[in-house]
Structures are given as C-alpha cells and as structure tokens.
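*Asks:* Next come a sequence and a model predicted from it.
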Amino acid sequence: MEWLTGIRKAINYMEEHLEDDISAQDVADQVFTSSFFFQKGFSVMTGYGLSEYIRNRRLYLAAVDLQKTDEKIIDIAYRYRYETPESFTKAFSRFHGVSPTQVREGAPVKPFLPLKIEITIHGGNKMDYKIKTMAGFTVIGFAREFDGETAYIEIPKFWDEIRERYANNVWKGNAPANAIEKAIVDNNIGEYGVCVDDVGCGSFRYIVAGIYKGGEVPEGLTVYELPDFDWAIFDCYGPNPKALQDVNTKIFKEWMPGNPDFEFPGRVNIEWYGDEDPSSPDYHSAIWIPVKKK
C-alpha cells in the first residue's frame with residue numbers, strides 16, 4: 001500500500017516539524033512524489049488540505065501550550081510560525097471559537113489530534129479505464145496558478161471567466177472577431193483542462209487548452225509541451241464539474257493507493273471535455289493520468 005504508507009510517513013514528518021517553516025513541497029519530498037499529486041491524494045484520503053492540516057495541528061498545540069504553560073502569547077505565536085500576535089489571534093479565534101486569552105482563562109478548545117491512516121478494503125469496486133500510449137504533443141490555452149486546497153472551487157470560476165471574456169462568441173459558432181478568438185477556433189481551446197505541477201509551494205498551473213496546431217500565439221495565451229506518456233484514461237458521464245470531480249476523487253482514493261500495476265511518474269494530468277452540453281446527465285468527459293508499468 002505505497003500511497004497509504006507515504007501519507008503515514010508524511011504525517012510523521014509534519015508532526016516532527018510543526019515548529020519549523022515547512023511547505024507542501026517539503027512534505028511531498030519525504031515520500032518522493034510531486035507536490036501536486038501528493039496534495040491531491042492527501043486531501044482525498046484525509047479530507048484535509050495539506051496546509052489546512054498543518055495549520056490545525058499548530059493551533060491545537062498552541063492551545064495546549066496556553067493551558068499548560070505561562071509562556072507569553074507572542075512567544076507561542078512565533079513558535080507556531082505566525083508572524084504577528086494579531087494574525088495568530090485571528091487564526092486561533094477562527095479555529096477554536098475563543099481567543100488565546102480566553103483559553104488561558106479556562107475556556108474549552110477544539111481538539112485536533114494527529115491523523116491515523118487505516119486501510120479499508122472495499123469489496124466489488126472496480127474502476128474502468130484504458131491505457132493509451134501517446135507521443136508528446138503541445139497544447140495552447142489560458143493559464144493560471146491555483147492553490148491545491150481551493151482548486152475544486154476556483155477552477156470552475158476560471159472556466160466561467162474564460163467563457164465570458166474570450167470564448168462565448170466563437171463557442172456559440174460565430175466567426176472569430178480577433179486573434180484570440182481565432183486561436184480558440186483553430187486549436188479547439190476548451191477541449192482540455194491541463195494541470196501542471198511546475199509552480200511549487202502547494203500551487204499548480206491549470207491551462208484551459210486545446211491541441212496546438214501551429215501559428216500565432218496571441219498575447220494572453222501560453223503553450224506547453226507534454227512528453228511521451230502512457231495514459232490511464234477514465235471516462236466520466238454526468239453533469240460537470242461534479243461528475244469529473246467525483247471520478248477524480250475515486251481515482252485518488254480507490255485506484256492509486258497501492259496500485260499493483262502502475263507508478264505515476266508525471267507532473268501533469270489532463271481533463272478532456274466533449275462537445276455536448278456540460279449540464280447534460282449524459283455528458284461525456286474524461287480524466288487522463290500518466291502511468292508507468294511497474
């Protein structure tokens with residue numbers, strides 16, 4: 001169960017370094033995987049974002065210190081990586097529902113103990129996928145950086161922004177009115193969503209993309225080259241974004257942990273979108289995960 005073992009190791013590492021300045025990349029490095037894939041897996045398996053887990057553990061330990069010691073609040077704030085007493089008090093009060101001073105006076109706190117990862121065997125579950133070998137190719141599209149912990153909420157908003165600002169005219173079948181609209185049509189931008197783990201610090205790039213056919217790359221668009229890969233392709237059926245997000249969760253929670261057949265070498269994964277109405281109950285989309293046979 002390599003995935004589960006990695007999460008356990010990561011939790012132990014975080015527990016040992018809660019007073020240190022650690023990042024999502026530092027944690028992922030301990031289990032020899034990319035920050036992008038590890039953060040996704042950690043969130044799916046535990047229900048917490050990586051930064052959220054570290055923050056909650058620090059705030060709980062800070063409360064314990066307030067209860068059991070006479071240390072100054074400012075010293076406890078600095079120990080758990082808060083730059084000012086004000087930022088510590090704000091975060092502490094939001095998490096515990098009471099201020100540090102009230103805890104020192106005896107108010108109850110919200111417990112947040114270290115996670116324990118247990119293996120659960122689900123009988124009869126099977127995820128259908130196909131393996132497709134593809135030569136490297138280049139995509140073109142609109143790129144933006146996202147935090148791994150809020151991406152499920154923010155990426156659909158990004159699509160809405162692209163639609164309203166750039167694409168509504170041509171996605172409705174009208175002739176392009178400018179260079180960007182021409183690039184959208186020529187390269188079918190919007191067919192893919194490409195997640196690229198090349199930012200670090202818990203963030204990644206997301207590109208609303210199409211296959212680059214050559215020609216002008218207008219200002220505001222970017223190109224990205226994908227290497228040769230074997231891809232595990234998971235079909236999704238149902239309204240988006242929920243159907244695609246649900247399958248993505250199942251991949252990281254049920255298919256990746258302890259997979260006996262594949263390793264996951266890439267720092268990228270792809271969403272494919274069909275041409276139909278994405279709100280349709282039969283809408284077809286897909287998730288592509290790069291894999292390497294063990």
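*Replies:* Thanks, I have it.
*Asks:* CA atoms for contacts and neighbours, from now on please.
*Replies:* OK.
*Asks:* how about the helices in the stretch 1-150 of the chain?
*Replies:* Along the stretch 1-150 of the chain, counting by DSSP state H, counting those that start in this stretch, helices occupy 2-16, 24-30, 35-46, 50-68, 73-79, 85-96, 100-104.
*Asks:* which of those helices sits most buried?
*Replies:* Most buried of the helices of the stretch 1-150 of the chain by mean neighbour count (mean count of other CA atoms under 10 Å) is helix 35-46; its value is a mean of 22.
*Asks:* which one of the helices of the stretch 1-150 of the chain has the lowest average pLDDT?
*Replies:* Ranked by mean pLDDT, those end with helix 35-46 at the bottom, a mean of 80.
*Asks:* In the chain, what helix or strand scores lowest on average pLDDT?
*Replies:* Lowest by mean pLDDT, DSSP states H and E among the helices and strands of the chain is helix 35-46, with a mean of 80.
*Asks:* got the contact list for that helix?
*Replies:* Helix 35-46 has contacts (CA atoms under 8 Å, 6 or more residues apart in numbering) with 7, 24-25, 27-29, 48-50, 115, 117, 148-149, 197, 200-204, 249, 252-253, 267.
*Asks:* give me that answer again for 6 Å
*Replies:* For helix 35-46, the external contacting residues (CA atoms under 6 Å, 6 or more residues apart in numbering) are 25, 28, 49, 197, 252, 253.
*Asks:* What of stretch 128-147?
*Replies:* Residues contacting stretch 128-147 (CA under 6 Å, 6+ apart): 203-212, 221-234.
*Asks:* Start and end of that stretch, how far apart?
*Replies:* Across stretch 128-147, the terminal residues are separated by 29 Å (CA to CA, to the nearest Å).
*Asks:* Ok, stretch 162-181 next?
*Replies:* 11 Å.
*Asks:* for stretch 137-156, same thing?
*Replies:* Using CA to CA, the two ends of stretch 137-156 sit 25 Å apart.
*Asks:* Average pLDDT for that stretch, rounded please.
*Replies:* What stretch 137-156 shows for mean pLDDT is 91.
*Asks:* Report the contact partners of the residue nearest the centre of the chain.
*Replies:* Central residue of the chain (CA atoms, centre = their mean): residue 148, 3.5 Å from the mean position. For residue 148, the contacting residues are 202, 203, by CA under 6 Å, 6+ apart.
*Asks:* Tell me how far it lies from residue 273.
*Replies:* Residue 148 sits 21 Å away from residue 273, going by CA to CA.
*Asks:* got it, and residue 105?
*Replies:* In this view, residue 105 and residue 273 are 56 Å apart by CA to CA.
*Asks:* And these two? Which one has more around it.
*Replies:* Neighbour count, other CA atoms under 10 Å: between residue 105 and residue 273, residue 273 has more, with 19 against 11.
*Asks:* what's the nearest residue to the more buried one once chain neighbours are set aside sitting at in phi/psi?
*Replies:* Leaving aside its sequence neighbours, residue 273 sits nearest to residue 285 (CA to CA, 6 or more residues apart in numbering; 4.6 Å). The phi/psi pair for residue 285 (degrees, to the nearest 10) reads phi -140, psi -180.
*Asks:* Appreciated, that's everything.
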